[in-house]
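> I'd like to go over a predicted model; first the sequence, then the structure.
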Amino acid sequence: MSKLQAQSLQISASTALAVAGMVLFAASISASAATQDAAAAPLADDLICQAKNYAAHDAQAQASYWPAQVSAPALDGTCWISGQQLATSIEGSISKPMLIDVRPRSMQKATPLANALQMELTEVASKRFLQQGPIVLVGTGLDYANLSSACQQLKEQGFIKVQAVRGGVRSLLAGAKVGDSFAVADQLILQPLDANDWIVSLVQGLQWTVISASEAMHSAPKDRLPVSASQLVSVQVEGKERDAKLVAAVKRAYLDKLNNHKNTAQAQALIVVTDESFSDAIRLQVEQALAKAVKSPSNAIASLPAYWLRGGWQGYEQQVAQTAVIQQTANHKLQVPCGRI
């Protein structure tokens, strides 16, 4: 998956579409040539159109790419701290840790974190002035593997004390008390999440619970599901008052998971997957229902982060297909299409 991510950063979507267009163009030329002169002598082997081979290869590669959650390892307790623990340790402390916001630049600009340095995770090691005091890395809450690796490496390079906030910036803000100098941000229990970000998070060591209200996902082959059946909660919301049924069903499923949620050494998260026909307005209705149902929205955010998959299951499938195309164009050389002009 990490290899795929690196390749997808190097190749633009327009390049992938251009390659796909060339393949289709090759196929059309081959079909046209075959019907124009059936009696003509066959072309040399090295000029035979490979469009069918490309198509078969592409279909096979795409079918084999369906992402799957990587097993969640136990977290190193010395590298992690909860948002509430951090807030408590800062309160009245003379030697406060330096907060370092290592989220993507777009997130740093959209929701800046007060009194925190902003930098790329890869830049921290080169900042020697940070070695002499405690530092706390603040990520997105979906980047456990990256932060775990960074914590270990920074310690080996001489940093005195390095920790990361478990649950990321949402946990930090949820654990903050009134009067803390952290930035004020909208703290939704059920945050929207793009398909690409979810795919990337599947290799970050989170134990996902999926609440599915998607008929398309229910009928999808098992090998296309990113989690095991034991982590999938299916919700049926057909017929009249579909939206109201969805709100009630998701609330019930989330509260059940939250109440049975145990403090484990593994990072856990929950995501609601619907069909693309469910609008963002429905997500807000579910959010409002959850906020009223839980005793403390802040505790719910910190203990069990929850997300709503943007674009539904169909958006997820489209992202998988797009990523597969980009991967394929990076893995093979272009061949001469049928018929040289």
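Ah, there it is.
> CA only for contacts and neighbour counts going forward, please
Fine.
> And the strands in the stretch 1-150 of the chain?
Assigned by DSSP state E, counting those that start in this stretch, the stretch 1-150 of the chain shows strands spanning 80-82, 98-101, 116-118, 134-138.
> Just send those back as TSV, with mean neighbour count and mean pLDDT too.
Converted to TSV, those look like this (neighbours: other Cα atoms under 10 Å; pLDDT from 0 to 100):
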stretch	mean neighbour count	mean pLDDT
strand 80-82	20	91
strand 98-101	21	94
strand 116-118	17	94
strand 134-138	23	95
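> Kindly reformat those as TSV containing distance to residue 271.
Formatted as TSV, those follow (distance: least, Cα to Cα, whole Å):
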stretch	distance to residue 271
strand 80-82	21
strand 98-101	24
strand 116-118	28
strand 134-138	21
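> Packing partners of whichever strand or helix holds residue 327?
Per DSSP states H and E, residue 327 falls inside helix 312-331. Helix 312-331 sits against helix 2-10, helix 13-36, helix 51-64, helix 195-201, helix 215-218, with contacts defined as 3 or more Cα pairs under 8 Å, 6 or more residues apart in numbering; DSSP states H and E.
> and if we set it to 6 Å?
Helix 312-331 sits against no helix or strand, with contacts defined as 3 or more Cα pairs under 6 Å, 6 or more residues apart in numbering; DSSP states H and E.
> In that helix, which residues have enough neighbours to count as buried?
Residues of helix 312-331 classed as buried by neighbour count (16 or more other Cα atoms under 10 Å): 312-317, 319-330.
> Also stretch 116-126?
Here stretch 116-126 shows 116, 118, 121, 124-125 as buried, counting by 16+ other Cα under 10 Å.
> which residues touch it?
Stretch 116-126 is contacted from outside by 99-102, using Cα atoms under 6 Å, 6 or more residues apart in numbering.
> Go again with 7 Å.
Contacts with stretch 116-126, where a contact means Cα atoms under 7 Å, 6 or more residues apart in numbering, come from 98-102, 154.
> Would you pull up how far it lies from the middle of the chain?
Relative to its chain's centre, stretch 116-126 lies at 22 Å (Cα atoms, centre = their mean, to the nearest Å).
> Quick one: end-to-end length of it, please.
Stretch 116-126 has its terminal residues 17 Å apart, counting by Cα to Cα, to the nearest Å.
> go on, stretch 68-82?
Start-to-end, stretch 68-82 (Cα to Cα) is 27 Å.
> Report pLDDT for the residue nearest the centre of the chain.
Taking Cα atoms, centre = their mean, the centroid of the chain lies closest to residue 198, which sits 2.0 Å from it. As predicted, residue 198 sits at a pLDDT of 96.
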